[in-house]
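Engineer: Build me a structure from this.
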Amino acid sequence: MTKSDWRRVIDEAKPLGIEIVQFIGGEPTMHPDLPGFVDHALAHGISVEIYSNLLHVRPALWDTLSRPDVRLATSYYTDDAAQHEAITQGRGSHARTRSNIIEMVRRSIPLRVGIVDVHNGQRVDQAHAELASLGVTDIGYDRVRQVGRGVRGRVARGLRLALRVLPLVVSGQCPRAVARGHRCRRPLPMCTG
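Structural biologist: As a prediction, this is how the structure comes out:
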């Protein structure tokens with residue numbers, strides 16, 4: 001999608017009653033236009049959640065992330081650096097994620113953390129205790145087996161925008177078609193709006 005495509009999707013979201021958009025991976029913090037997309041959504045009165053691994057937060061992004069109606073979400077695996085890095089397959093990933101969590105808390109940026117339990121013996125309880133001691137208050141658990149964000153070949157590349165359109169999806173209506181005032185006759189994944 002082009003930059004103008006992203007802006008058009010955000011433009012179409014508000015008339016549909018969409019109140020929040022989520023930017024999600026690959027890794028949204030690496031997309032050069034993320035600050036502009038966030039600004040565009042906020043200008044439409046749409047809140048933003050950015051789902052990030054928190055490895056690549058550039059200094060210039062902190063102003064965007066600190067704006068009202070912007071919040072972040074991330075995955076965390078364990079309090080043990082070696083175990084965390086084995087799961088994410090990224091050297092230094094634990095230290096960078098942890099330091100950016102600390103910075104989020106310091107800046108009072110709303111943060112939601114999901115502890116992803118991917119194998120037996122993983123220190124998820126200790127991870128929860130560590131996050132709580134850092135000041136994170138919104139902590140959840142996800143149990144996943146045989147897959148994980150760090151498994152090669154399973155992480156999509158690029159930037160996706162997740163619109164909260166569950167009522168339309170459940171009813172079988174395409175959000176683009178609804179925005180244009182008609183009902184699509186094709187199944188949802190094939191709808192061209």
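Engineer: Now do the contacts for residue 33.
Structural biologist: For residue 33, the contact set (Cβ atoms under 8 Å, 6 or more residues apart in numbering) comprises 3, 6. Where you see a C-beta, it was placed from the backbone N, CA and C, and this is true even at glycine.
Engineer: switch the cut-off to 10 Å
Structural biologist: 2-3, 6-7, 39-40, 159 (Cβ atoms under 10 Å, 6 or more residues apart in numbering).
Engineer: Same check on residue 108?
Structural biologist: Shown in contact with residue 108 (Cβ under 10 Å, 6+ apart): 66, 135.
Engineer: which one among the contacts of residue 33 gets closest to residue 70?
Structural biologist: Distance to residue 70 across those (Cβ to Cβ) is lowest for residue 39, with 10.0 Å.
Engineer: thought that closest one was touching residue 67?
Structural biologist: Yes - with contacts counted by Cβ atoms under 10 Å, residue 39 reaches residue 67, the gap being 8.3 Å.
Engineer: Name the residues contacting each of those two.
Structural biologist: By Cβ under 10 Å, 6+ apart, the residues touching both residue 39 and residue 67 are residue 48.
Engineer: So which elements touch the helix ranked longest in the chain?
Structural biologist: Under DSSP state H, the helix in the chain containing the largest number of residues is helix 93-106. Applying 3 or more Cβ pairs under 10 Å, 6 or more residues apart in numbering; DSSP states H and E, one finds that helix 93-106 makes contact with helix 62-65, strand 70-76, helix 81-88, strand 111-117, helix 124-134.
Engineer: Quick check: which ranges of this structure have low pLDDT?
Structural biologist: 144-193 (pLDDT under 70).
Engineer: ok, for the residue minimising distance to the centre of it, nearest residue in space, not its chain neighbours?
Structural biologist: The chain has residue 51 as the residue nearest its centroid, 1.6 Å off, counting by Cα atoms, centre = their mean. In this structure, residue 51 finds its nearest non-sequential neighbour in residue 24, 4.2 Å apart by Cβ to Cβ, 6 or more residues apart in numbering.
Engineer: hang on, isn't the one you found packed against residue 52?
Structural biologist: Yes - between residue 24 and residue 52 a contact is recorded at 8.4 Å, counting by Cβ under 10 Å.
Engineer: Which one's more surrounded, the two?
Structural biologist: Taking neighbours as other Cβ atoms under 10 Å, residue 24 and residue 52 compare with residue 52 leading, 24 against 17.
Engineer: returning to what we had before: would you turn the contacts of residue 33 into CSV with neighbour count?
Structural biologist: Listed next are the contacts of residue 33 as CSV, based on neighbours: other Cβ atoms under 10 Å:
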residue, neighbour count
2, 8
3, 13
6, 20
7, 17
39, 14
40, 19
159, 19
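Engineer: Sitting in strands, which of the residues you listed do you find?
Structural biologist: Using DSSP state E, no member of the contacts of residue 33 sits in strands.
Engineer: Next, give me the two most distant ones among the residues you listed.
Structural biologist: With distances taken as Cβ to Cβ, the most widely separated pair in those is 2 and 39, at 17.1 Å.
Engineer: I appreciate the help and will end here.
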